[in-house]
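Novice: no sequence on this one, just coordinates:
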């Protein structure tokens, strides 16, 4: 008669099984930890890329303004001769708030009195550096034969208009076309021969 052998677990085999279970649990925890690290890193990278895209890579329109001016020549009008002949040296500014250079082409600035052009000047192509203001001067001759009632008020109201067309260059790889318009109002004080109340939209 064949004898049936009963293989009973010994304390040693139980210890080995517990050890293997602990090893498996440790491996599982390590895998979970690695997964958490990978997910956290991916979220962090996504946040950095989003922030970069919303700040550095976002292209804003530069601002083009008349900053100030000096009057170099001023033929004073009279009641019998209501005209003016003015030589004005105007300082213009292109404010570039982008993280890349703004290169603009040649252009023209026009000054108007009562909606009528009375003088213009050429603007040479140049570059406004990243997050800075490019300042430059233009000399313009302002002439008109009709001063109207502004002689009695003591101020000569003027408007300046211009458009700059160019490109914003980011990290030397990305270029985006950007145009900026100037629309400024100002006054020339006839008695002091100074520019005042410069306002730009």
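Specialist: Thanks, I have it. As the structure is a prediction and not an experimental result, all values here were calculated from the model.
Novice: Now do the strands in this protein.
Specialist: Ranges of strands within the chain are 63-75, 84-96, 101-104, 107-113, 116-123, 126-128, 132-144, 155-170, 174-189, 194-200, based on DSSP state E.
Novice: quick one, domains of the chain?
Specialist: 10-55, 63-200 (automatic domain parsing).
Novice: Of the strands of the chain, flag the one that's most buried.
Specialist: Neighbour counts (mean count of other C-beta atoms under 10 Å) averaged over each of these peak at strand 101-104, with a mean of 22. All C-beta spots, glycine's among them, are computed from the backbone N, C-alpha and C.
Novice: Parallel or antiparallel, which strands does it pair with?
Specialist: Strand pairing for strand 101-104, determined by DSSP bridges: strand 126-128 (antiparallel), strand 155-170 (antiparallel).
Novice: Could you list the low-pLDDT ranges of this protein?
Specialist: For the chain, the stretches flagged by pLDDT under 70 are 1-16, 46-56, 77, 79.
Novice: any idea which residue sits dead centre in the protein?
Specialist: Most central in the chain under C-alpha atoms, centre = their mean is residue 97, positioned 3.2 Å from the mean C-alpha point.
Novice: That residue against residue 62, yeah?
Specialist: Yes - counting by C-beta atoms under 8 Å, residue 97 does reach residue 62; the two are 7.4 Å apart.
Novice: if we can go back for a sec, can you list the strands paired with strand 101-104 in CSV and add distance to residue 30?
Specialist: As requested, the strands paired with strand 101-104 are exported to CSV (distance: least, C-beta to C-beta, whole Å):
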stretch, distance to residue 30
strand 126-128, 54
strand 155-170, 42
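Novice: Tell me which of those lies nearest to residue 75.
Specialist: Ranking the strands paired with strand 101-104 by distance to residue 75, with C-beta to C-beta as the measure, places strand 155-170 first at 12.1 Å.
Novice: now the angle from the closest one to strand 107-113?
Specialist: Strand 155-170 runs at 160 degrees relative to strand 107-113, counting by axes from the mean of the first three to the mean of the last three C-alpha atoms, to 10 degrees.
Novice: roughly how far out does strand 155-170 sit from the chain middle?
Specialist: Centroid separation for strand 155-170 versus its chain: 15 Å, with C-alpha atoms, centre = their mean, to the nearest Å.
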